[in-house]
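> Coordinates for the following, if possible.
(one chain, ligands or ions: 1)
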Amino acid sequence: MTKVKFIPGIYKTRATGHNGSLPMEVELSEKRIEAIRIDTSGESKGITNPVFERIPKFIIEGQTLNVDTISGATVTSKGILEGVAQAIQKAGVNPKLLQQRDKYPVNQKEYPSEKQVDVLVIGSGGAGLSAAISALDEHAKVLIIEKFPSLGGNTTRTGGQMNAANPSWQKQFKSFPGEKKNLERIYNMKEKDIPYDYLPTFKALKKELNIYFEDIENGKDYLFDSENLFCIQTLLGGIRTNLDGKKTQGNYELVSNLAHEAVHTIQWLKEKGVSFSEDHVTEPVGGSWRRAIEPNPVGGYGFIHPLQNYFISHGGEIFTECRAKELLMKNGKITGVKAEFYNGSPITINVKKGVVMATGGFSANYEMIKKYDNYWGNLPENIPTTNSPAMTGDGIKMGLAVNADVVDMEFAQLMPSADPITGNIFSGIDCPPSDFVFVNTEGRRFVNEYGTRDELCQAIFDQGGLIYNISDKQIASTRFNSTDEQLENDIKNKACFRANTIRDLAEQINIDPDILEETIKNYNHYVEEGNDPEFNKSSFNYKVEVPPFYATPRSPATHHTMGGLKINVNAQVLNKDGNIINGLFAAGEVAGGIHAGNRLGGNALIDIFTYGKIAGKNAVKNNQE
Ligand code: ADP
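Numbering: from 1, shown residues only. Alright, predicted model coming up:
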């Protein structure tokens, strides 16, 4: 090995990746690269991109810059190598000397080239893990393959709020001002405006509401909910018309089954080791109703961690860094998958029973979103994403190659309240929508903040794409998923602004203080009245009155791709003739048809766990002999 002599020290450089650059420290002793620390605190817990772990490990173990880049993460791999090269240069050594050293690792691990299992699950997010566990519980031999080194996919990035109508639990909470009005609006809908197959559910809901309204009259104040309300709100939230005038709505069987199964899914998750905070009920943005329960610890990790433990401790097998590339089909049946390990080594996995596709959506694939989009029409090219870079639509492409049908591909859901640069949903103050106060860059409100996600996004685009969420100390206490330390960091990085008066806050964000003051005064008055004559906001919680005040810059980001493989209620994938594809199941964001054109906030998690559970169980039942 060529000898080198560094000036020992800790050198600060940056690793350039897809989403900008990350601060990095390289520690050098006289002869060795001792440590490489990349600050990935901007990334979400549990989803760190493999390159940040593997490239530094190889550089240090091999004391070389001759390290293979990771397929699918070439830009970031090169960025890290370049960052270390710069540090080495600063330490007085020509990096070429390390680039010319032997390649590391030399003896790469031998991977199997063939494998046989009962059920193969592709993807290890919430849907994949639930499918794998439910198949395992049916005594099947189950393998998960995951293209990243860590499990959990996009699910680890979520806030963790999960919807289920669980009235016996929700009853203990008081109603919010405006919520009754919300119910009255649904109650007063004309039957002709309700799709035919949903009518019995709608009628049953009206009966329940009659009793609730009577209870309210009699002074019994509580938060109402029911399976029927959940079903109808999921339907109403999802109805959308594309740019060609074609309307879509959630498939009744899939939606009503989800509404019915939801409480059972919570119970099932508890049995698998997930714990929940049951002392409060909440609602994420665009949720339509307060029916979300949170895991403890809060966030997607609170689900993934226990599920992963359950799967492994019950004998499930996982290949990480193994990417499925192609479904194998023989005589109309799915017989397995061709996949590839990160180093290019191929593997064929044959299945006796079935394959569950749980590869998530395609929000991190702008070209694919753009190709199918027939709803927004004009998505900005620099639109950020809230998603992990893994979400590239692989499962949909593999499905299409075996003639699977797809549904609602033209609808991509955007998250209205994301950081304009990083797409982070939890920067600054991200609170429940009853507490949102959105102002445009003139300091004026412009929308019912309680609207659905795409109503909010369109309204934000109409304002030029950048808005602020204004909040105060009390509202800050309701925020999701952000520690005090993260908030301080955001303030330092101008991802959030803080001031002791509304006037000072306005000045920090270049807004006329008189206008912002007036906006907040009016808003506070509407909260008192439980009525917003300007924009009809229909659920309020706190006024904006206790300093310090905050302004969080927000803009839309790609978040959830509504479309996906067409499934039936057993999570079997259907082909273009409407027949099932024997041996192919799909669950989670890769599947379409439930949320139609717009998914309610809090419905993704309940969907992935419910249909994941269904897919795994049915895959085992599937006998391909
Ligand atoms: P869901 O919410 O539907 O469970 P997630 O986004 O949480 O979906 O997880 C999907 C997982 O699938 C991610 O961990 C992602 O890395 C993985 N994945 C995507 N494509 C492939 C593929 N071709 N092979 C293996 N794993 C994949």
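> can you pull the contacts of the closest residue to the ligand within the stretch 501-625 of the chain?
The minimum distance from the stretch 501-625 of the chain to the ligand, using CB to the nearest ligand atom, falls at Gly588 (2.2 Å). Yep, even glycine has a C-beta here, placed from its N, CA and C like the rest. Contact partners of Gly588, counting by CB atoms under 8 Å, 6 or more residues apart in numbering, are Gly123, Gly125, Gly126, Ala127, Gly128, Ala358, Gly360, Asp607, Ile608, Tyr611, Gly612.
> Excluding chain neighbours, what is closest to the fourth one?
Leaving aside its sequence neighbours, Ala127 sits nearest to Gly588 (CB to CB, 6 or more residues apart in numbering; 2.7 Å).
> And the one you found, how far from Val544?
37 Å (CB to CB, to the nearest Å).
> how about the residue in the stretch 151-300 of the chain that the ligand sits nearest to, phi and psi?
With CB to the nearest ligand atom as the measure, Gly153 is the residue of the stretch 151-300 of the chain nearest to the ligand, at 2.3 Å. The phi/psi pair for Gly153 (degrees, to the nearest 10) reads phi 50, psi -150.
> ok, and the closest non-adjacent residue to it?
Gly125 (3.1 Å).
> Looks like the one you found contacts Ala358 (just checking).
Yes: here Gly125 reaches Ala358: they are 6.4 Å apart, a contact under CB atoms under 8 Å.
> tell me, what's touching those two both at once?
Gly588, Ile608.
> and the gap between Asp244 and Met562?
16 Å.
> Have a look at the two and say which one is more surrounded.
Between Asp244 and Met562, counted using other CB atoms under 10 Å, the more crowded position is Met562 (26 against 7).
> remind me which residues of the stretch 501-625 of the chain are low pLDDT?
623-625 (pLDDT under 70).
> actually the chain, not the one I typed
If you take pLDDT under 70 as the line, the chain has these spans: 17-20, 41-49, 71-72, 106-109, 481, 623-625.
> how about the residues of it near the ligand?
Residues of the chain found near the ligand (CB under 6 Å from any ligand atom) are 122-128, 145-148, 153-155, 323-324, 358-360, 390-391, 394, 588-590, 608.
> Buried ones among these?
122-128, 145-148, 153-155, 323-324, 358-360, 390-391, 394, 588-590, 608 (16 or more other CB atoms under 10 Å).
> Please narrow the residues you listed to those residing in helices.
Gly126, Ala127, Gly128, Asp394, Ile608 (DSSP state H).
> give me every residue that touches the third one.
The one in question is Gly128. Contacts of Gly128 by CB under 8 Å, 6+ apart are Val121, Ile122, Ile144, Glu146, Gly153, Val356, Ala358, Thr359, Ala587, Gly588, Gly612.
> for the last one, same thing?
By CB under 8 Å, 6+ apart, Ile608 lies in contact with Gly125, Gly126, Ala127, Ser130, Thr155, Ala358, Ala587, Gly588, Glu589.
> What of the fourth one?
In this structure, Asp394 makes contact with Lys147, Arg323, Ala324, Thr359, judged by CB under 8 Å, 6+ apart.
> all helices for the stretch 101-250 of the chain, in order.
Ranges of helices in the stretch 101-250 of the chain, per DSSP state H, counting those that start in this stretch, are 126-137, 167-170, 179-187, 199-217, 227-238.
> what about Lys103, neighbour count?
Neighbours of Lys103 (other CB under 10 Å): 12.
> mind checking the backbone torsions on it?
Phi and psi for Lys103, reported as degrees, to the nearest 10, are phi -70, psi 140.
> quick one, phi psi at the nearest residue to it once chain neighbours are set aside?
Nearest non-adjacent residue to Lys103, counting by CB to CB, 6+ apart: Asn66, 4.7 Å away. Asn66 adopts backbone torsions of phi -90, psi 80, taken as degrees, to the nearest 10.
> tell me the helices in the stretch 251-400 of the chain, going along the chain?
252-271, 301-313, 366-372, 394-401.
> and the contacts of Gly128, which two are the farthest apart?
Glu146 and Ala587 (15.1 Å; CB to CB).
> related to what we said a few turns ago, between the contacts of Asp394, which is nearest Tyr523?
Of the contacts of Asp394, the one sitting nearest to Tyr523 (CB to CB) turns out to be Thr359, at 42.5 Å.
> I figured that closest one was touching Lys325, is that so?
No: with contacts counted by CB under 8 Å, Thr359 stays clear of Lys325, the gap being 11.5 Å.
> overlap in contacts of the two?
Common contact partners of Thr359 and Lys325 (CB under 8 Å, 6+ apart): Met398.
> what residues are up against the nearest residue to Leu269 once chain neighbours are set aside?
Spatially, and ignoring its direct neighbours in sequence, Leu269 is nearest to Phe609 (6.2 Å; CB to CB, 6+ apart). Applying CB under 8 Å, 6+ apart, we find Phe609 in contact with Gly126, Ala127, Ser130, Met162, Thr265, Trp268, Leu269, Phe303.
> so which of those residues is the most crowded?
Ala127 leads the contacts of Phe609 on contacts (other CB under 10 Å) with 35 neighbours.
> show me the contacts for that residue.
The contact partners of Ala127, taken as CB under 8 Å, 6+ apart, are Thr155, Ala358, Gly360, Ala587, Gly588, Glu589, Val590, Ile608, Phe609, Tyr611, Gly612, Ala615.
> go with 7 Å
Ala358, Ala587, Gly588, Ile608, Tyr611, Gly612 (CB atoms under 7 Å, 6 or more residues apart in numbering).
> Farthest pair within those residues?
Ala358 and Tyr611 (9.3 Å).
> Let me have the contacts of Asp394 in JSON lines, extended by distance to Trp289.
Listed next are the contacts of Asp394 as JSON lines, based on distance: CB to CB, whole Å:
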{"residue": "Lys147", "distance to Trp289": "35"}
{"residue": "Arg323", "distance to Trp289": "38"}
{"residue": "Ala324", "distance to Trp289": "37"}
{"residue": "Thr359", "distance to Trp289": "30"}
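> Farthest-apart pair in the residues you listed, please.
Arg323 and Thr359 (9.6 Å).
> beta partners of whatever residue of the stretch 201-350 of the chain ends up closest to the ligand?
The stretch 201-350 of the chain approaches the ligand most closely through Ala324 (3.9 Å), counting by CB to the nearest ligand atom. Beta-bridge pairing for Ala324 (DSSP bridges): Ala339.
> Next: Ser471.
Going by DSSP bridges, Ser471 forms beta bridges with Tyr550.
> Tell me if I'm right that it and Val544 touch.
Yes: here Ser471 lies in contact with Val544, judged by CB atoms under 7 Å, at a distance of 6.4 Å.
> list residues touching both of the two?
In contact with both Ser471 and Val544: Val437, using CB under 7 Å, 6+ apart.
> of these two, who's got more company?
Ser471 (27 against 22).
> what residues are up against that one?
With CB under 7 Å, 6+ apart, Ser471 has these contacts: Ile429, Cys431, Asp435, Val437, Val544, Tyr550.
> Generate JSON lines for those, with distance to Gln249 and secondary structure as supplementary columns.
Listed next are those as JSON lines, based on distance: CB to CB, whole Å; DSSP: H, G, I helix; E, B strand; the rest coil:
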{"residue": "Ile429", "distance to Gln249": "34", "secondary structure": "coil"}
{"residue": "Cys431", "distance to Gln249": "30", "secondary structure": "coil"}
{"residue": "Asp435", "distance to Gln249": "30", "secondary structure": "helix"}
{"residue": "Val437", "distance to Gln249": "32", "secondary structure": "coil"}
{"residue": "Val544", "distance to Gln249": "37", "secondary structure": "coil"}
{"residue": "Tyr550", "distance to Gln249": "38", "secondary structure": "strand"}
